[in-house]
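Undergrad: All I have is the shape, not the residue letters:
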């Protein structure tokens, strides 16, 4: 496959790439609106690796790390896989049964193979390259990322899995991912982003642009597993066409130095729908600033965002939610609930609603930060449940957002988090 | 004197809430298979007695005793009381997000009910559509009462306590809830041993559906009167609670 530089691009395409570059260069020093600033000059470039013939050939430790973010290296029950180690996409595969339905490759390869569609429709179209220094970093120093396309009318009920892993310290992995679910297609993508246990610090900057076609549906489950010295700055945007549905599930249960992300879903088409579910667990000194925004433009568009946050130790957690109604016939609801377990922990729930010229928009929110209610504990005890089990049941219920297809190792992590929460919540 | 046949024996019970004495000497004995009704105006202490029997915090027993099957009930935690065979239906049960009605029925039965039994109870009480909903969350008044009854039928307690089972529900729901109370207390099959019950009510409407054996009137923290439940209701309807407790029988 020729590199992008060797492809004959049309003049407008070249102009577009130059425009992206110029916007990024202008924003190279622009701090993000939220979250602590990061000195990008202190970070090196990620290294390259050899490709592997199968995921089972990865070392045991690597396989365990991947399993922790939902990557099944046996590939059973997966319609396709993408594995990126530092800079290198070391493995991509589509299971034979789904060959006509799914395409998986790196975005570099997709640009070379489909320059017209990529540049004109899906490349920096919903995430602006000049948003801040992190979008600029990826635009200027991209280190691959995945391209997943689900072809028109294909309903793939077996999940596609992707893993982005950093194995070196003090480098930045700058991925740009694109998922396209064409008209009438359906898919579930599970993406795990994580680091090797020996990594002390570094940055994962990830651009994700998702395009949901007419009557299409994407369920996107993202699992993050970082460590106390690691920095994370994802930038995600989703465009949803008529009757399209986007469901975003996000799980983060391990410590991080700081993470800041605020994905934006644009319900552009009539009757389009966006759903965000997130389970966030603040531990140690983690600084976590997460949320989501849905912009409702299509008549009859709908959105729901549900966030469950537990914070303990010295963690700081911001849980943001924004709904913007721009059409009279739209309806959206935010539900952010938090439990604070430590006197040294700080938690903010920030719901934000705006109707922009849409008197008929129905936007609502419920936000609460509170301990486990004693009244609920006694209610379950009155059914014969011992106190500690009652607290566990309530905590499990609090964190259980019924995310479909959660892999077993992740289920166990959630159970562990529930056990600790239950113990400290008593 | 101690009643050796008593399932629940309350003797000279005084209870304080936030330093204020609400129950001022209650004596009450419930034997196996008996259904008692506790009538009383708002504020007379009915819910205080219920909450004290459940074991909720904030209800301080300052004098007297409560024994259940001969054991000191006040020494038992809320869950121990439930496992010992005491079932309760709350007037306003709290919502528990993420915990489904089906789960609560399963734990209430200590794992003894299977899916089929749960489905049958649910069908009888018209709660099938609520089984996989968060318990009490967004339930209407009638739904919450039917859900409480479904949990009790799954638990099959030996002594069931009902706090205002007819409050806030329409006539159709009172009939369903009343039918479930009767089914629970009198047993579905002839071979089943009838269970004991204490029904707290201030209107007495539920007595159209449940045959109670003994009625009591709680007034100002004391049991002022005891008798046939329907006769007591007639007196209360005719003379009000104050008139009722002024009658010669009570004064005596």
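TA: Sure, I can see it. Since we're looking at a predicted model, the values are computed, not measured. Numbers count the residues shown, from 1 in each chain, chains lettered A, B, ... in the order given.
Undergrad: And for the residue in chain B positioned nearest to chain A, the neighbour number?
TA: Closest residue of chain B to chain A, CB to the nearest CB: residue B:98 (2.1 Å). From N, CA and C alone the C-beta is placed, and that goes for glycine too. Using other CB atoms under 10 Å in any protein chain shown, residue B:98 is surrounded by 19 other residues.
Undergrad: Residues of the stretch 51-200 of chain B that sit close to chain A?
TA: By CB under 8 Å from any CB of the partner chain, the residues of the stretch 51-200 of chain B that approach chain A are B:54, B:56-57, B:77-79, B:81-83, B:88, B:90, B:93-99, B:103-104, B:107-108, B:110, B:134, B:151, B:155.
Undergrad: quick one: secondary structure of the residue of chain B closest to chain A?
TA: Following DSSP: H, G, I helix; E, B strand; the rest coil, we place residue B:98 in the coil state.
Undergrad: helix, strand or coil for the closest residue to chain B within the stretch 101-250 of chain A?
TA: Using CB to the nearest CB, residue A:249 is the residue of the stretch 101-250 of chain A that sits closest to chain B, at 15.6 Å. Secondary structure assignment for residue A:249 (three-state DSSP): strand.
Undergrad: Just list the residues touching it, thanks.
TA: Shown in contact with residue A:249 (CB atoms under 8 Å, 6 or more residues apart in numbering or on different chains): A:219-222, A:277-278, A:401, A:403.
Undergrad: For the nearest residue to residue A:252 once chain neighbours are set aside, give me the backbone phi and psi.
TA: In space, and not counting its chain neighbours, residue A:252 is closest to residue A:224: 4.3 Å by CB to CB, 6 or more residues apart in numbering or on different chains. When quoted as degrees, to the nearest 10, the phi and psi of residue A:224 stand at phi -110, psi 130.
Undergrad: Quick check: residue A:224 vs residue B:75, distance?
TA: To residue B:75, residue A:224 is 48 Å away according to CB to CB, to the nearest Å.
Undergrad: Show me the helices in the stretch 151-252 of chain B, by range?
TA: B:171-186, B:229-246, B:248-251 (DSSP state H, counting those that start in this stretch).
Undergrad: do the same with the stretch 101-250 of chain A
TA: Remark: helices assigned in the stretch 101-250 of chain A by DSSP H, counting those that start in this stretch are A:107-113, A:115-117, A:133-140.
Undergrad: How about the stretch 251-400 of chain A?
TA: Under DSSP H, counting those that start in this stretch, the stretch 251-400 of chain A gives helices at A:374-381, A:387-399.
Undergrad: Among the ones you listed, show the one with the smallest mean pLDDT.
TA: Lowest mean pLDDT of the helices of the stretch 251-400 of chain A: helix A:387-399, a mean of 88.
Undergrad: between residue A:224 and residue B:75, who's got more neighbours?
TA: Neighbour totals were compared for residue A:224 and residue B:75, and residue A:224 leads with 23 against 9 (other CB under 10 Å).
Undergrad: For the more buried one, name its beta-bridge partners.
TA: Note on residue A:224: beta-bridge partners residue A:193, residue A:252, judged by DSSP bridges.
Undergrad: Low-confidence ranges, chain B, go.
TA: Applying pLDDT under 70 to chain B flags the ranges B:1-4, B:188-193, B:248-252.
Undergrad: repeat that for 80
TA: Counting by pLDDT under 80, chain B contains low-confidence residues at B:1-5, B:187-194, B:243-252.
Undergrad: Tell me which of the contacts of residue A:249 fall in strands.
TA: The strands, defined by DSSP state E, take in A:219-222, A:277-278 from those.
Undergrad: The helix or strand that contains residue A:13 relative to helix A:133-140, how many degrees between them?
TA: Per DSSP states H and E, residue A:13 falls inside helix A:11-27. Calculated by axes from the mean of the first three to the mean of the last three CA atoms, to 10 degrees, helix A:11-27 forms an angle of 140 degrees with helix A:133-140.
Undergrad: Do I have it right that residue A:328 meets residue A:359?
TA: Yes. In this structure, residue A:328 is within contact of residue A:359 by CB atoms under 8 Å, at 6.5 Å.
Undergrad: So if I had to pick from the two, which one is more boxed in?
TA: Between residue A:328 and residue A:359, counted using other CB under 10 Å, the more crowded position is residue A:328 (14 against 7).
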